[in-house]
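# Return atomic coordinates for the entry below.
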Amino acid sequence: MSDYPSLSVVIPVFNEPDWIGRSVGALRTALENARWDAEIVVVDDGSTDDTPARLAELPGVTVVTQPNGGRFAARLAGITEASGELVLMLDSRVILEPGSLVFLRDQLVAHPERTVWNGHINTDNTGNPYGAFMQGLVAVGWRRYVADPRLTSFTAEDFDAFPKGTGLFLAPRKLLAEAAGSFSSLYDDVRLASDDTRMLRWIAEQGPIFIAPGFAAEYNSRDSLPKFVKHAYFRGSTFVDGYLDSPGPVRNAAFAAGGLGVLGAVLLLRKPKAAVALAAAGSVAAGAVVRKCGGSKDQSLAVVKLLSLFAACFGAGAVRGLALALRKRLGR
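Residues are numbered from 1 along each chain as shown. Predicted structure coming up:
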């Protein structure tokens with residue numbers, strides 16, 4: 001069929017030998033179901049394990065290799081290499097649902113103006129409290145959509161109220177290139193930049209971003225304590241880059257949480273037992289909020305158990321982010 005635009009798929013990968021083959025395999029199944037030919041571009045962002053060997057085993061895939069430069073540099077390299085009218089950005093740990101591209105194709109045929117789509121992400125948290133924890137946060141932060149998933153759209157005005165990310169995102173190649181060109185981080189080290197939040201906010205300023213359960217994939221969360229801690233620390237830094245200079249409810253909530261964190265640290269030094277008791281009470285209350293917002297029992301329990309650890313790691317990452325932003329500003 002030629003009723004819909006040509007497609008390129010860009011997959012950045014760094015040290016994911018166990019997932020890249022599954023991601024590409026699920027992508028091919030979805031493409032076959034939709035009878036949609038696509039160019040597949042995988043950008044190896046300086047992997048140091050068996051990932052290059054796994055990529056060599058994947059036929060029909062264009063592999064771009066570069067020194068480690070972070071997610072933004074990898075995605076930009078893929079967008080530059082791509083030739084399709086539309087580009088689907090896909091993370092290596094994201095497994096497309098078999099019918100997701102059938103839904104997307106039908107939407108493009110029936111509504112050719114709907115060319116910008118954020119994926120609907122499902123997670124399988126069975127036996128994985130770290131993934132359940134993150135989904136518990138999602139249930140609260142993006143409850144406007146998560147509590148009632150349906151075909152809808154959002155713009156810059158309600159950007160903070162909807163889930164979004166470049167792990168599963170479709171847009172015209174030219175629009176993505178313009179968004180990348182507009183990208184400017186608060187940090188000198190772009191590897192710690194919030195590339196998805198900043199790029200997608202710019203895209204939302206140009207027009208609506210659509211989201212629906214029909215365009216869906218499964219994300220495979222970190223599954224160990226060391227990975228969870230490292231990821232929380234990293235997300236703390238990217239959060240500062242994404243929201244420090246963007247007024248709105250998310251930034252307001254972050255400032256409030258930061259203030260509570262400072263008070264908690266002072267209390268921990270002066271009255272450690274009281275601080276621990278308050279932290280435990282806060283975690284229990286947060287778990288109750290997750291349930292009220294539609295989260296599962298496992299998600300609520302994971303939030304109760306892991307919130308204090310996550311807050312400490314995320315907060316440390318945020319402090320690093322503030323220091324990096326200040327360093328760049330003073331450097332100017």
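# going forward, measure contacts between C-alpha atoms and count neighbours the same way
OK.
# Can you give the distance from whichever strand or helix holds residue 226 to the centre of its chain?
For residue 226, the element it lies in under DSSP states H and E is helix 225-243. Relative to its parent chain, helix 225-243 has a centroid offset of 11 Å by CA atoms, centre = their mean, to the nearest Å.
# before we move on, what about stretch 198-205?
Centre-to-centre, stretch 198-205 and its host chain are 14 Å apart (CA atoms, centre = their mean).
# With only the CA atoms kept, save it in PDB.
Taking Å, rounded to 0.1, in the frame of the first residue of the first chain, the C-alpha atoms of stretch 198-205 are listed here in PDB:
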ATOM      1  CA  ARG A 198      12.900  19.300  26.000                       C
ATOM      2  CA  MET A 199      12.500  18.000  22.400                       C
ATOM      3  CA  LEU A 200       8.900  16.800  23.000                       C
ATOM      4  CA  ARG A 201       7.900  20.100  24.700                       C
ATOM      5  CA  TRP A 202       9.100  22.000  21.600                       C
ATOM      6  CA  ILE A 203       7.100  19.600  19.400                       C
ATOM      7  CA  ALA A 204       4.000  20.100  21.500                       C
ATOM      8  CA  GLU A 205       4.300  23.800  21.000                       C
END
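# Pull the residues that contact that stretch.
154-156, 159, 164-166, 175-176, 179-180, 182-184, 209, 242 (CA atoms under 8 Å, 6 or more residues apart in numbering).
# ranges for the strands of the stretch 151-300 of the chain?
Ranges of strands in the stretch 151-300 of the chain, per DSSP state E, counting those that start in this stretch, are 152-154, 168-172, 209-211, 216-219.
# Arrange these in JSON lines, one row each, with mean pLDDT and distance to residue 189 as further columns.
Shown next, in JSON lines, are the strands of the stretch 151-300 of the chain (pLDDT from 0 to 100; distance: least, CA to CA, whole Å):
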{"stretch": "strand 152-154", "mean pLDDT": "97", "distance to residue 189": "30"}
{"stretch": "strand 168-172", "mean pLDDT": "97", "distance to residue 189": "24"}
{"stretch": "strand 209-211", "mean pLDDT": "98", "distance to residue 189": "28"}
{"stretch": "strand 216-219", "mean pLDDT": "93", "distance to residue 189": "27"}
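# Kindly reformat those strands as CSV containing mean neighbour count.
Shown next, in CSV, are the strands of the stretch 151-300 of the chain (neighbours: other CA atoms under 10 Å):
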stretch, mean neighbour count
strand 152-154, 16
strand 168-172, 22
strand 209-211, 24
strand 216-219, 22
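# among those, which is nearest residue 34?
Closest approach to residue 34 among the strands of the stretch 151-300 of the chain is made by strand 216-219 (13.9 Å; CA to CA).
# surely residue 237 meets residue 313?
No: using CA atoms under 8 Å as the test, residue 237 is too far from residue 313 to be in contact (10.2 Å).
# Between those two, which is the more surrounded one?
It is residue 237, of residue 237 and residue 313, that has more neighbours when counted by other CA atoms under 10 Å, with 26 against 21.
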